[in-house]
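Colleague: What follows is a predicted protein model with its sequence.
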Amino acid sequence: MVRLEEHKHQTENRAIQKLPVYGRVYIPLSQHIGKICAPLVKAGDSVALGQKIAAADSHVYAPIHASVSGKVVAIDDCPHPVLGNCKAIIIDSDESLARTQNLPVPSAIEGEPKTPEEIEDLSAEQIRSIVLEAGVVGMGGASFPAHLKLNPPKPVDTLIINGAECEPYLTSDYRLMIEKTKEILLGVELIVKCLGVKKVIIAIEDNKPEAIKAFNLVVSRKSSVVSKIQKKVLESFYPQGGEKQLIKNTLRREVPSGKLPFDVGVVVHNVATVYAIYEAVYLEKPLYERVVTVSGDCLGNPGNFLVRIGTPFKDLIAQCSPLKQGPEKVISGGPMMGVAQYSLDTPVVKSTNGIICLKESEVKPLVEALCVRCGRCVEYCPVGLMPCMIGMASEKEKWDLAKAYGCLDCMECGLCNYICPQRKDLLQSIKKAQLRSKP
């Protein structure tokens, strides 16, 4: 692992701001791992805030909800932050704040959370059903449907709450941990009820002092769930927030090649996902908005914003005006694992945790040269791969060899690119090998 320049100072002390509803949103039909959703509405239909507008006939999926009330004007291709292009439901907002109530249990009064007695009456299966119907997915970037992680195929004994947020620039999780500590704890209680775990570990990097302080207060309280909680302060190294790294550094358990966390008795949830689970169950609120960090030296007023799904990036960047200079590159996510964007019309999706605007002097083009066998990519790979060898196999289109070198175990952290003195785009070669090697 490597200690990176953090660049978090620009937004770490900026409280979450709730942005106004903009005139038009573009809600992609693909926002999760699994089957792409099909629209449940058509052009000309009126929709309410929170109404389910897309679903799929599949076990692995998460429904999609309207992030504004208004009229569907089209279902058409639009930019997508990860896929490049995707069909999207385009809605013109009427700026109404009325919210539909369509989750599978009696709804709470608008704006008032359920009582502890009502929550106590919910079974684990009901909680999973609510989380499914709310469309909650992993919000740290993976987009795996959250209800499936509440019902793992093997028994687990430990829940890890991922508060590492190890990517440079990103502070949305940090602000949630500071401002929504109580709600995150209530979300943890719901997950514990579903999993029946004996231990909960809240893992936070040591560069987040206010979050550590907030959870110190939580852990000091007495309750049946809190008594199971341990707070683990980790050194701020990249990629500390990767699931496998987090499990190894908190429990000293190693997830074997080709296996998943539940194979070693662990489930990991990002803090933003836990907060979304809280909102789904306590507030009957589908996942139609999330906190996004918008940062970069070329922005006059970077910040953390609570923003509706489907809001174009250009609207968020405009909120950070005045621009000191136009961004040379805009990245969805962090600078290490994020995806460079070709259009500022790209909308926020459920997994968008950051929008990073880099100026020209910060963008260094890759100019590839021959590998000099320095071994640095091997030394620093957090999952113990040989990125240089996978890259060479990929360049020669020897896909079986790339698979034998473990390309499918790559977590796409980007450290091999970052550390390579020859500026080789090893990650791109590994991704190519992954696509050719998957069944």
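Modeller: Cool, got the structure. Predicted model, so just to flag it, every value in this text is computed and none were measured. Numbering: from 1, shown residues only.
Colleague: Going by C-alpha atoms from here, please, whenever you check contacts or count neighbours.
Modeller: Fine.
Colleague: So which residue is dead centre in this structure?
Modeller: Nearest to the geometric centre of the chain sits residue 140, at 2.2 Å (Cα atoms, centre = their mean).
Colleague: Give me the helices and strands touching the helix or strand encompassing residue 128, please.
Modeller: When elements are assigned from DSSP states H and E, residue 128 belongs to helix 124-133. Packing partners of helix 124-133 (3 or more Cα pairs under 8 Å, 6 or more residues apart in numbering; DSSP states H and E): helix 146-149, helix 181-195, helix 271-283.
Colleague: Just say which of these is most tucked in.
Modeller: Comparing the helices and strands packed on helix 124-133 by mean neighbour count (mean count of other Cα atoms under 10 Å), helix 271-283 comes out on top with a mean of 26.
Colleague: centre of the chain versus that helix, how much separation?
Modeller: With Cα atoms, centre = their mean, to the nearest Å as the basis, helix 271-283 stands 14 Å off its chain's centre.
Colleague: Residues touching the very next helix or strand once past that helix, excluding its own?
Modeller: Along the chain past helix 271-283, the next helix or strand (assigned with DSSP H and E) turns out to be strand 289-295. By Cα atoms under 8 Å, 6 or more residues apart in numbering, the list of residues contacting strand 289-295 from outside reads 10-11, 16, 67, 169-172, 302-309, 316-317, 320, 350, 352-357.
Colleague: Swap in 7 Å and give it another go.
Modeller: Under the criterion Cα atoms under 7 Å, 6 or more residues apart in numbering, residues 10-11, 67, 169-172, 302-309, 352-357 lie in contact with strand 289-295.
Colleague: Likewise for stretch 158-172?
Modeller: With Cα under 7 Å, 6+ apart as the contact definition, stretch 158-172 has outside contacts at 5-8, 11-12, 173, 197-205, 236-241, 265-271, 291-293, 295, 304, 334-336, 353-354.
Colleague: For it, which residues meet the burial criterion?
Modeller: Going by neighbour count (16 or more other Cα atoms under 10 Å), the buried part of stretch 158-172 is 158-172.
Colleague: Need the mean per-residue confidence for it.
Modeller: Stretch 158-172 comes out with an average pLDDT of 96.
Colleague: same check, this time on stretch 289-296
Modeller: Looking at stretch 289-296 alone, the average pLDDT works out to 97.
Colleague: Just the C-alpha atoms of that stretch, please, in CSV.
Modeller: As requested, C-alpha coordinates have been extracted for stretch 289-296 and formatted as CSV (Å, rounded to 0.1, in the frame of the first residue of the first chain):
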residue,chain,number,x,y,z
GLU,A,289,-30.4,11.0,-3.7
ARG,A,290,-26.9,10.7,-2.3
VAL,A,291,-24.0,12.8,-1.0
VAL,A,292,-21.3,13.6,-3.6
THR,A,293,-18.0,15.3,-3.1
VAL,A,294,-17.2,17.9,-5.9
SER,A,295,-13.6,18.9,-5.6
GLY,A,296,-10.5,20.1,-7.4
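Colleague: And residue 290, how far from residue 278?
Modeller: With the distance defined as Cα to Cα, to the nearest Å, residue 290 ends up 13 Å from residue 278.
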